[in-house]
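>>> starting from these lines, generate the structure:
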Amino acid sequence: MTASYHRASQPPSADYTIPQDWEDYTAQEHNTWNILYRRLMEVLPKRADTAFLEGLKALDLNKGGIPHFGRLSDELEKLTGWRVVAVPGLVPDEVFFDHLANRRFPAGNFIRQPDQLNYIQEPDVFHDVFGHVPMLANPVFADYMEAYGKGGLRALGTGCLKNLAALYWYTVEFGLIDSPEGMRIYGAGIVSSPAESVFSIDASDPNRIAYDTERLMRTDYRIDDFQQTYFVIDSYEDLLEKTLNTDFGPLYERLTGGFDYTPETILETDKVFTHGTQAYANKGGRFAS
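Coordinates of the predicted model:
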C-alpha cells in the first residue's frame, strides 16, 4: 500500500494508532463507501449469517459515508466492550495481538481508490469496518477475537505464527458457518467482497470442509484470489470452545512452522460439505487471460 493512501501525516505511536482524521475524508471517499455498501447489500441478505446482519443493523453502518471511529466505538463498547482504533495499514504481529487481547480492533483509516472497487489486496477502512466490526457486536465472536489475540501473544517466538495466521485467515477472514438457514458467511474477507460472497456460497468450484483446528492450521491459503477451500464451523460457541480448550503448546510442537497441505487438498479424514471442482483456480482465477 503506497503512502498516498494513508490519511495520517504523523508517524504512528508505539501501538501504531493514529488519528482517523475523519473530517479530512473527501466527498468522493465517502461516496466510495456508499457504493461498496450498496453493492454488498445486493448479495449478502441471503448469504451472510444472521450474526453479521444483526451487527450491521445494531451499529447502523449505513448512515452514509465512512463511519466515525469514535462514535462507532461508543456504540460497539456498549454491546461487547470493543473499540475501533485507526492504524495506517498492516501492523506488526505483536501490536496486532495486543490490540485484540485488549478488545481494540485496528482498522486502516484509508479507503480504496475508485478503480479498486472490485479488488484491493491490503485491507482498507471498508474491509476493516464493514467486514469485521459487525461480528464484534456478537458477544461470543467478540470473545473469540480476544482469545485469539491472547493466544497470539503467547505464540510469539514459537516459530508457528504462519500456522496461527491460517487460523485467523480461515475463520475471521474467510469463515463459513453451517447455520440453521444453510451455509452462510461470517468471514470479513468474504462479506466485504461482492464477488467472493457469491462464489463462496453458490459456486461449485471451492471445497467446503468442516472446521478442525489442527487440520486448518496445517493448510496454506490464497492471499491474491478467491479461496480454494473454506472451513465451516458449526457455531460460534463451538469455535470459541475449541479455541479455549485446545492446548496450543503440544500443537505447536507438532507443527513445522510451514504448511503440510496445499489450499485445495482434501483428506480422507475430512468431513466434506462440498468437494469442489477447482475449475476457477485451474483456469488461472482472476489472472486468467
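>>> which helix of the protein spans the most residues?
helix 139-155 (DSSP state H).
>>> now that helix - C-alpha only, CSV.
Backbone C-alpha positions of helix 139-155 (Å, rounded to 0.1, in the frame of the first residue of the first chain) are rendered in CSV as follows:
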residue,chain,number,x,y,z
PRO,A,139,-20.7,-11.5,22.3
VAL,A,140,-19.4,-15.0,21.5
PHE,A,141,-17.4,-14.0,18.5
ALA,A,142,-16.1,-10.9,20.3
ASP,A,143,-14.8,-13.3,23.0
TYR,A,144,-13.2,-15.5,20.3
MET,A,145,-11.3,-12.5,18.9
GLU,A,146,-10.0,-11.6,22.3
ALA,A,147,-8.9,-15.2,22.9
TYR,A,148,-7.1,-15.2,19.5
GLY,A,149,-5.2,-12.0,20.5
LYS,A,150,-4.2,-13.5,23.8
GLY,A,151,-3.2,-16.7,22.1
GLY,A,152,-1.1,-14.8,19.6
LEU,A,153,0.8,-13.1,22.3
ARG,A,154,1.6,-16.5,23.8
ALA,A,155,2.7,-17.8,20.4
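>>> list the buried residues in it.
140-152, 155 (16 or more other Cβ atoms under 10 Å). All C-beta spots, glycine's among them, are computed from the backbone N, C-alpha and C.
>>> cool, and stretch 156-164?
Applying 16+ other Cβ under 10 Å to stretch 156-164 flags 158, 160-161, 163-164 as buried.
>>> can you tell me which of the residues you listed is nearest Pro19?
Leu161 (29.3 Å; Cβ to Cβ).
>>> Ala155 is in contact with that closest one, correct?
Yes: counting by Cβ atoms under 8 Å, Ala155 is a contact partner of Leu161 at 6.2 Å.
>>> so which residues of the stretch 101-250 of the chain form helices?
Using DSSP state H, counting those that start in this stretch, the helices found in the stretch 101-250 of the chain span residues 125, 133-136, 139-155, 161-168, 188-191, 194-202, 213-217, 236-245, 248-254.
>>> in this structure, which residue is closest to the centre?
Glu173 (2.6 Å; Cα atoms, centre = their mean).
>>> any idea how far it is from Tyr25?
25 Å (Cβ to Cβ, to the nearest Å).
>>> likewise Phe126?
Using Cβ to Cβ, Phe126 is found at 12 Å from Tyr25.
>>> tell me which of these two has more neighbours.
Per other Cβ atoms under 10 Å, whichever of Phe126 and Tyr25 has more neighbours is Phe126, with 23 against 20.
>>> how far away is the closest residue to that one other than its chain neighbours from Phe69?
Leaving aside its sequence neighbours, Phe126 sits nearest to Leu36 (Cβ to Cβ, 6 or more residues apart in numbering; 5.2 Å). Look at Leu36 and Phe69: by Cβ to Cβ, they are 18 Å apart.
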